[in-house]
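**Q** Return a 3D structure for these sequence lines:
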Amino acid sequence: MNKVPYIVTSILVVLAGIFAILNTYWTGFAYFVMTCFLFLTLFWGGWQIYKYFTSYQKELEERFKIYKAQKLISANISVEVFDASEKSYRKDFHKKLRREKFVKWFVIAFCFAVAAAFVAGMILY
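**A** Modelled structure (predicted):
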């Protein structure tokens, strides 16, 4: 499953390259090139969403366990005290991750914005 994005990317880039070369014989192949890149950006936007809701959420749970261990050690509190106020600790943990989550969603929005640019390019070409 880890190789899927690389396979799809390489196939679409090779197809776009072939269509770009064929564009010298017929200018209509420019639409095929833009379509390949449109599919590529839509795929990567969808892939980033998929990774965000699957592996990134699991990674956050693992990172919270590390955060919990660091808090227990640094603050010299017991597990019971931590569990009693876990809601506030989770809130603090997620507050520290806002920038990281913003960057992930910005990458997703960028992929779809580039896809919209390719659609506009196909319309205006």
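**Q** Distance of the residue positioned nearest the centre of the chain relative to Ala116?
**A** In the chain, the residue lying closest to the centroid (CA atoms, centre = their mean) is Gln48, at 2.7 Å. Shown here: Gln48 relative to Ala116, a distance of 16 Å by CB to CB, to the nearest Å. Using the backbone N, CA and C atoms, a C-beta is placed for each residue, glycine as well.
**Q** Same check on Ala16?
**A** Using CB to CB, we find Ala16 at a distance of 18 Å from Ala116.
**Q** Output the lowest mean pLDDT helix or strand found in this structure.
**A** For the chain, using mean pLDDT, DSSP states H and E, the weakest element among its helices and strands is helix 79-84, scoring a mean of 88.
**Q** quick one: it to chain centroid distance?
**A** 34 Å (CA atoms, centre = their mean, to the nearest Å).
**Q** Give the buried residues for stretch 44-58.
**A** For stretch 44-58, burial by neighbour count (16 or more other CB atoms under 10 Å) applies to 44-45, 47-48.
**Q** any chance of those in JSON lines, plus pLDDT and distance to Phe106?
**A** Formatted as JSON lines, the buried residues of stretch 44-58 follow (pLDDT from 0 to 100; distance: CB to CB, whole Å):
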{"residue": "Trp44", "pLDDT": "97", "distance to Phe106": "14"}
{"residue": "Gly45", "pLDDT": "97", "distance to Phe106": "12"}
{"residue": "Trp47", "pLDDT": "97", "distance to Phe106": "16"}
{"residue": "Gln48", "pLDDT": "96", "distance to Phe106": "10"}
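**Q** from these, which ones fall inside helices?
**A** Within the buried residues of stretch 44-58, residues falling in helices by DSSP state H are 44-45, 47-48.
**Q** So the closest residue to Val114 other than its chain neighbours versus Ile49, what's the distance?
**A** With sequence-adjacent residues excluded and distances taken as CB to CB, 6 or more residues apart in numbering, Val114 is closest to Thr41, at 4.6 Å. In this view, Thr41 and Ile49 are 13 Å apart by CB to CB.
**Q** got a list of contacts for the next helix-or-strand element following the least confident helix or strand of the chain?
**A** The helix or strand immediately downstream of helix 79-84 is helix 86-96, counting by DSSP states H and E. Contact partners of helix 86-96, identified using CB atoms under 8 Å, 6 or more residues apart in numbering, comprise 63-64, 67-68, 71, 82.
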